[in-house]
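A.B. asks: Need coordinates for the below:
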Amino acid sequence: MTKLQPRSRKVRILATLGPASGSPEMIRKLYLAGADAFRINMSHGAHETHAQSIAAIRALEKEFGRPTTILGDLQGPKLRVGTFERGLVVLTQGAAFVLDSDETPGNEKRVNLPHPEIYAALVPETRLLLDDGKLVLRVKQVEENRIETVVEVGGTLSNRKGVNVPDVVVPMAALTEKDRRDLSFAIEQGCDWIALSFVQRPEDLAEARKLMGGYGALMAKIEKPSAVERLEEILELADGVMVARGDLGVELPPYAVPPLQKQIVETARRLGRPVVVATQMLESMIKSPTPTRAEVSDVATAVYDGADAIMLSAETAAGDWPEEAVAMMDSIAHSVERDPGYLARLHFTETKPDPTTADALAEAASGIIGVVGASAVTCFTSSGSTVRRVARERPAAPILALTPRQDTARKLGLIWGVHAVRTKDIGTFEEMIGKARRMALRHGLTAKGRKIVVLAGVPFGTPGSTNVLHVATIHGDELKGRE
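C.D. replies: Residues are numbered from 1 along each chain as shown. Below is the predicted model of the structure:
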């Protein structure tokens, strides 16, 4: 087994796998370049291919002795127009255009729209966006099987292009039959997080949660304006959240996305939910070995805002420079986190503790680190809740999570500043302090003469019982003890 030191970087890097990065060799290169977690995109590829990628990721755990996180990203409903007689048409601004339930190939006047839910949701003066927002239709009249519109922004429209409905909530489930099959596969394969697309309402999370049966963690992708309007309710029911800027940028003006990104990150941090910023972060690196300065600034902004993780999509899935994209993101994050003003900027977001013992201790731990200069905070955890509370405070020192559960260790891979280790449980206070010192030393998070903060719950092994905070000094001879 090859031992790696913990990442000194606090923000986590989530890399999407695909044709450019599906081989075990490339997955290993991405991991060594800085990828902390891997995204399996269920919108593309066969289950057999995904299973091979998952097996390669799990092989890294054995090679390096470090839990590695896998996120299975469900496709969600895809709304599309039908086909055209000649494969495409040109829609002219100001012209009338009809969408209907007739499956006959369309023309410059009409096309099939095979989604009855849209007919039920639309009202006059709402919009339909076609082909990633390149074309805009304004609804004038809606009947049961017919939508009459006027073209506001014209252009070429070809077969089966996507449809976005930004102004209303479409009454359809977030899970399709394909999603249910993919979810079952992801659970069978042991994916640690499930990302749910097309979330519009808190209720959309219920079916996925039920099908997961208590396994894994559920991430809500915020990609629709209606989800932003009920963000706190959604976050209360989700385990984490992803700022899916691609779809947000289709349904909203581009200039509206940055403020929303900051709002989502801030709300997630305040509620103690891990937040991932995704889409087009280093888009030019799909073809270029270096990013634009604007892209570097974009990544840096997400790090300064305190996002738990930043994600690469096509850059690693289908790009020409997947390893370089991860290394670049790693370098940007390191540069930001070395900024003397970084921690102060993080705390622009106020994260008030809930009136619980666990939250009070998590806040106290962060303060103690600052006062005594502790080199790490060590958390004994079963469910991971203690670690999430500590991470919400964005402490100045790394967080060492010690857990007897492999599933918990893996899920913590998307949490800011956490180095998770699977280890045997403890039974006494003395054993707790001894193991905390020993593991912090063994994983390179402290040194002789330094202090660490230890958090745990008594009775030991009871989830949600954090009630002990202890400051321990490292003597230097701890590694003579047993694991």
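
A.B. asks: okay, CA-based contacts and neighbour counts for the rest of this
C.D. replies: Noted.

A.B. asks: excluding its backbone neighbours, what's nearest K221?
C.D. replies: M242 (4.7 Å; Cα to Cα, 6 or more residues apart in numbering).

A.B. asks: before we move on, which element is that neighbour in?
C.D. replies: strand 240-244 (DSSP states H and E).

A.B. asks: Likewise for A55?
C.D. replies: Using DSSP H and E, A55 falls in helix 47-64.

A.B. asks: ok, the residue lying closest to G162 once chain neighbours are set aside - how many residues close by?
C.D. replies: Nearest residue to G162, sequence neighbours excluded (Cα to Cα, 6+ apart): R80, at 4.2 Å. Using other Cα atoms under 10 Å, R80 has 18 neighbouring residues.

A.B. asks: What's the local residue count around the residue nearest to K221?
C.D. replies: Count around M242 with other Cα under 10 Å applied: 27.

A.B. asks: now L79
C.D. replies: Applying other Cα under 10 Å, I find that L79 has 17 neighbouring residues.

A.B. asks: Tell me how many other residues crowd the closest residue to it other than its chain neighbours.
C.D. replies: If the residues on either side of it in the chain are set aside, L79 comes closest to V163, at 5.2 Å by Cα to Cα, 6+ apart. V163 is flanked by 20 other residues according to other Cα under 10 Å.

A.B. asks: element containing V163, please.
C.D. replies: Going by DSSP H and E, V163 is part of strand 163-164.

A.B. asks: residue nearest the centroid of the protein?
C.D. replies: V276 (3.7 Å; Cα atoms, centre = their mean).

A.B. asks: Which elements pack onto the helix holding A55?
C.D. replies: Applying 3 or more Cα pairs under 8 Å, 6 or more residues apart in numbering; DSSP states H and E, we find helix 47-64 packed against helix 24-33.

A.B. asks: Give me the contact list for the helix it packs on.
C.D. replies: 15, 17, 21, 53, 56-57, 60, 322-324, 326-327, 330 (Cα atoms under 8 Å, 6 or more residues apart in numbering).

A.B. asks: That helix versus helix 47-64: what angle between them?
C.D. replies: 50 degrees (axes from the mean of the first three to the mean of the last three Cα atoms, to 10 degrees).

A.B. asks: Can you add distance to L88 and give the contacts of helix 24-33 back as a markdown table?
C.D. replies: Shown next, in a markdown table, are the contacts of helix 24-33 (distance: Cα to Cα, whole Å):
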| residue | distance to L88 |
| --- | --- |
| A15 | 35 |
| L17 | 32 |
| S21 | 34 |
| S53 | 37 |
| A56 | 42 |
| I57 | 42 |
| L60 | 47 |
| P322 | 34 |
| E323 | 38 |
| E324 | 38 |
| V326 | 38 |
| A327 | 41 |
| D330 | 43 |
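
A.B. asks: Distance to V111 and neighbour count for these - can I get that in JSON lines?
C.D. replies: Output for the contacts of helix 24-33, formatted as JSON lines (distance: Cα to Cα, whole Å; neighbours: other Cα atoms under 10 Å):
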{"residue": "A15", "distance to V111": "38", "neighbour count": "31"}
{"residue": "L17", "distance to V111": "35", "neighbour count": "27"}
{"residue": "S21", "distance to V111": "38", "neighbour count": "25"}
{"residue": "S53", "distance to V111": "40", "neighbour count": "21"}
{"residue": "A56", "distance to V111": "45", "neighbour count": "18"}
{"residue": "I57", "distance to V111": "45", "neighbour count": "21"}
{"residue": "L60", "distance to V111": "50", "neighbour count": "19"}
{"residue": "P322", "distance to V111": "39", "neighbour count": "30"}
{"residue": "E323", "distance to V111": "43", "neighbour count": "25"}
{"residue": "E324", "distance to V111": "44", "neighbour count": "19"}
{"residue": "V326", "distance to V111": "42", "neighbour count": "26"}
{"residue": "A327", "distance to V111": "46", "neighbour count": "19"}
{"residue": "D330", "distance to V111": "47", "neighbour count": "19"}
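
A.B. asks: Flag the shaky bits of the stretch 151-300 of the chain, pLDDT-wise.
C.D. replies: Of all residues in the stretch 151-300 of the chain, none has pLDDT under 70.

A.B. asks: What segments of it are strands?
C.D. replies: 155-158, 163-164, 193-196, 217-222, 240-244, 275-278 (DSSP state E, counting those that start in this stretch).

A.B. asks: quick one, which of these is nearest to S101?
C.D. replies: strand 163-164 (14.8 Å; Cα to Cα).

A.B. asks: That closest one - contacts with which helices or strands?
C.D. replies: By 3+ Cα pairs under 8 Å, 6+ apart, strand 163-164 packs against strand 127-130.

A.B. asks: rerun that using 10 Å as the cut-off
C.D. replies: Here strand 163-164 touches strand 127-130, strand 135-143, helix 245-251, going by 3 or more Cα pairs under 10 Å, 6 or more residues apart in numbering; DSSP states H and E.

A.B. asks: Buried residues, the last one. List them.
C.D. replies: Just to be clear, that refers to helix 245-251. Under the neighbour-count criterion of 16 or more other Cα atoms under 10 Å, helix 245-251 has R245, D247, L248, G249, V250, E251 buried.

A.B. asks: and which of these is nearest to M311?
C.D. replies: R245 (11.1 Å).

A.B. asks: who are the neighbours in contact with that closest one?
C.D. replies: 221-224, 251-252, 254, 257-258, 260-261, 277-281 (Cα atoms under 10 Å, 6 or more residues apart in numbering).

A.B. asks: Which of those lies at the shortest distance from L129?
C.D. replies: When these are compared against L129 (criterion: Cα to Cα), the nearest one is E251, at 7.5 Å.

A.B. asks: was I right about that closest one contacting P225?
C.D. replies: Yes - contact criterion Cα atoms under 10 Å: E251 and P225 qualify, at 7.2 Å.

A.B. asks: what sits in contact with each of the two?
C.D. replies: Contacts common to E251 and P225, judged by Cα under 10 Å, 6+ apart, are V165, P166, D167.

A.B. asks: Closest one of these to G444?
C.D. replies: Nearest member of the shared contacts of E251 and P225 to G444, counting by Cα to Cα, is P166, at 49.3 Å.

A.B. asks: Which residue, other than its chain neighbours, is closest to that closest one?
C.D. replies: E251 (5.2 Å).

A.B. asks: how near is the one you found to K134?
C.D. replies: In this view, E251 and K134 are 11 Å apart by Cα to Cα, to the nearest Å.

A.B. asks: what does S8 give?
C.D. replies: From S8 to K134 the distance is 42 Å (Cα to Cα).

A.B. asks: again, but for G94
C.D. replies: With Cα to Cα as the criterion, G94 and K134 are 15 Å apart.

A.B. asks: can you check M281 too?
C.D. replies: 21 Å.

A.B. asks: Same drill for these two, tell me which one is more crowded.
C.D. replies: M281 (26 against 13).

A.B. asks: can I assume R39 sits in a helix?
C.D. replies: No - counting by DSSP: H, G, I helix; E, B strand; the rest coil, R39 falls outside a helix, being strand.

A.B. asks: That one - how many residues pack around it?
C.D. replies: For R39, using other Cα under 10 Å, the count is 24.

A.B. asks: Same question for T292.
C.D. replies: Using other Cα under 10 Å: T292 sits among 13 other residues.

A.B. asks: State the number of residues packed around the residue nearest to it when sequence neighbours are not counted.
C.D. replies: In space, T292 comes closest to S284 once its chain neighbours are excluded; the distance is 6.9 Å by Cα to Cα, 6+ apart. By the measure other Cα under 10 Å, the count of residues near S284 is 17.
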